[in-house]
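Enquirer: Structure of the sequence below:
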Amino acid sequence: MAAAFKTLETPRIRMILPEPADAARIVRYYEENQQHLAPWETLRADEFYTEAFWVAEIRQLREEFANGESLRLCLVDRIDPDGVIIGQCALRNIIRGAFHGCYLGYSLHHEAVGKGLMFEALSAVIPFAFNELGLHRIMANYIPTNERSGRLLRRLGFSVEGYARDYLFIAGQWQDHILTALINPNP
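Expert: Here you go, the predicted structure:
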């Protein structure tokens, strides 16, 4: 069982565990950012861009959190928390036992890029992962041409651990990835 989730806040962002009522906002986020995110994400079926898909997905992600398997959050403006979603971040595939690790993923609305918002958000999510969820290792992998993501991870303290050829099927082709990780400084 995972730790209880409390909304995380930074000076500019509120990070929420979405509810079914947020499905329309999530669809809008992905529709508005389809071209912006296309180089970094898997190909999406038309169903992905429907409220019905997201109502079911939200139920699933909330169940995964309750079972200690993942934490998938939507980023909203702290001043206008009922407004548009400005990004998302996720701690997925949480593995316990001798490992206590997960994979980090994230994306921002195309209009929010370059403002330091993801650094701000992840600077709150990472301590939550280590202190509240009790994780030891957070792994984040990125396509070598995604220099912005590489800079963000370095700034957050992630270390490069390797290079994986044909690692994930992204944007319709197998893509190499740089493998990074951040270790809990207080294990």
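Enquirer: what's stretch 93-102 in contact with?
Expert: Contact partners of stretch 93-102, identified using Cβ atoms under 8 Å, 6 or more residues apart in numbering, comprise 68-71, 91-92, 103, 129, 133-139, 181. The way it works is simple: take the backbone N, C-alpha and C, and place the C-beta from them, glycine included.
Enquirer: between those residues, which is closest to Leu17?
Expert: Taking Cβ to Cβ as the measure, Leu17 sits nearest to Leu71 out of the contacts of stretch 93-102, at 7.4 Å.
Enquirer: Give me the pLDDT for that closest one.
Expert: pLDDT recorded at Leu71 is 97.
Enquirer: sorry, back to before: narrow the contacts of stretch 93-102 to those in helices?
Expert: If you go by DSSP state H, the contacts of stretch 93-102 have nothing in helices.
Enquirer: Buried ones only from those, please, as a PyMOL command.
Expert: Buried subset of those, written as a PyMOL selection, criterion 16 or more other Cβ atoms under 10 Å:
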select buried, resi 69+70+71+91+103+129+133+135+136+137+138+181
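Enquirer: which of the contacts of stretch 93-102 lies closest to Ile13?
Expert: When the contacts of stretch 93-102 are compared for distance to Ile13 (Cβ to Cβ), Leu71 wins out at 15.4 Å.
Enquirer: which residues sit in contact with that closest one?
Expert: Listed by Cβ under 8 Å, 6+ apart, the contact set of Leu71 reads 2, 5, 17, 65, 90-91, 94, 125, 128-129, 133.
Enquirer: how many neighbours does Ala24 have?
Expert: Applying other Cβ atoms under 10 Å, we find 12 residues neighbouring Ala24.
Enquirer: quick one: secondary structure of it?
Expert: helix (DSSP: H, G, I helix; E, B strand; the rest coil).
Enquirer: do the one 3 residues further on as well
Expert: Per three-state DSSP, the secondary structure class of Val27 is helix.
Enquirer: if I look at the nearest residue to Cys89 once chain neighbours are set aside, how far off is Ala98?
Expert: Spatially, and ignoring its direct neighbours in sequence, Cys89 is nearest to Tyr106 (4.1 Å; Cβ to Cβ, 6 or more residues apart in numbering). Tyr106 sits 27 Å away from Ala98 when distances are taken as Cβ to Cβ, to the nearest Å.
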